[in-house]
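S.K.: Got a predicted model here, sequence first, then my questions.
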Amino acid sequence: MQPFGPGSGLLAYLTGALVVAEMEVRKLRHDPTELFTRAVQPALWLLIFGQAFSRVRAIPTGGVSYQTFMAPGILAQSMMFIAIFYGLSIIWDRDQGILQKLLAMPVPRAAFVTGKALGAGIRALSQVVIILLLALLLRLDMRWSMTGIVFSMLTIILGAAFFATLSMIFAAVVKTRERFMGVGQVMTMPLFFASNALYPINIMPPWL
């Protein structure tokens, strides 16, 4: 037998995280309809809400159309809405007995959480593709560059990983789907409406 040093422990952690992340991405490949359902929400925001409020000149958007102003915010909120409810899959897997089998894998439990979070980040990349395609079709006045697209993808991956981890923490605490849905709504609504996704910060109430 060979002793396990710090290097081998780190390697096992990274390998386990990548394996779990690959399992999460594989779910998306086996259920492509999820891509369509994820495209509905940002499309409605940009095509209906955005076009309607583009005709309202009361919102200061810095000289760009309202659709152009809200596109990055809709990208961020779509990522958050997907990732913040990621803990539901943990509760579902636990109720079905799948979680116990996954935790029996010969990988550190921290690698399991990291892999789940990374998988959520990779799955959230579909939002970047959908919204950028909509921005092209709508001819939004955005600054297109490869650097901007790459950093947008990295931001979405990190943001989704953060919110997915937070979601898994709450799922471990509340333990039931009904309670988790309530907690998820309490988290998402203030984060969304207190952000500058829909309107500039300078028109928000002073106390906010």
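M.R.: All right, it came through fine.

S.K.: hey, let's count contacts and neighbours off CA atoms from now on
M.R.: Fine.

S.K.: which outside residues touch the helix or strand bottoming out on mean pLDDT in the chain?
M.R.: Among the helical and strand segments of the chain, the one scoring lowest on mean pLDDT, DSSP states H and E is helix 98-103, with a mean of 74. Residues outside helix 98-103 that contact it (CA atoms under 8 Å, 6 or more residues apart in numbering) are 90, 93-94, 109, 112.

S.K.: just stretch 68-76 next, same as before
M.R.: 42, 45-46, 50, 61, 127-128, 131, 135, 140-142, 156, 196-199.

S.K.: now with 7 Å?
M.R.: The contact list for stretch 68-76 (CA atoms under 7 Å, 6 or more residues apart in numbering) reads 42, 61, 127-128, 131, 140-142, 196-198.

S.K.: now for the residues you listed, which pair is the farthest apart?
M.R.: The largest separation in the contacts of stretch 68-76, counting by CA to CA, is between Thr61 and Gln127 at 23.0 Å.

S.K.: Tell me where the model's unsure across the chain.
M.R.: Scanning the chain for pLDDT under 70 picks out 1-8, 32.

S.K.: Tell me which residues touch the most centrally placed residue in the chain, please.
M.R.: With distances taken as CA atoms, centre = their mean, the residue of the chain nearest its centroid is Met79 (3.0 Å). Contacts here follow CA under 7 Å, 6+ apart; on that basis Met79 touches 124, 127, 156, 160.

S.K.: what do you get for Phe162?
M.R.: Applying CA under 7 Å, 6+ apart, no residues contact Phe162.

S.K.: still on that earlier bit, are any of the contacts of helix 98-103 buried, and which?
M.R.: 90, 94, 109, 112 (16 or more other CA atoms under 10 Å).

S.K.: Please identify the helix or strand for the first one.
M.R.: Under the criterion DSSP states H and E, the helix or strand holding Ile90 is helix 87-95.

S.K.: What lies in contact with that helix?
M.R.: Applying CA under 7 Å, 6+ apart, the external contacts of helix 87-95 come out as 99-100, 164, 167-168, 171, 175-177.

S.K.: Next one: Asp141 from Gln67, what distance?
M.R.: Separation of Asp141 from Gln67 (CA to CA, to the nearest Å): 9 Å.

S.K.: Which one of those two is surrounded by more residues?
M.R.: Gln67 (26 against 13; other CA atoms under 10 Å).

S.K.: Could you tell me the phi and psi values at the residue nearest to the more buried one when sequence neighbours are not counted?
M.R.: Nearest non-adjacent residue to Gln67, counting by CA to CA, 6 or more residues apart in numbering: Gly50, 4.9 Å away. Main-chain dihedrals, Gly50, degrees, to the nearest 10: phi -60, psi -40.

S.K.: Val56 is in contact with Gly50, correct?
M.R.: No. Look at Gly50 against Val56 with CA atoms under 7 Å: they stay out of range, at 10.1 Å.

S.K.: Can you pick out the residue with more neighbours from these two?
M.R.: Ranked by neighbour count (other CA under 10 Å), Gly50 and Val56 place Gly50 first, with 20 against 10.

S.K.: Could you look up the next helix or strand downstream of the strand or helix carrying Gly9?
M.R.: Secondary structure from DSSP H and E places Gly9 in helix 6-30. Downstream of helix 6-30, the next assigned helix or strand under DSSP H and E is helix 33-44.
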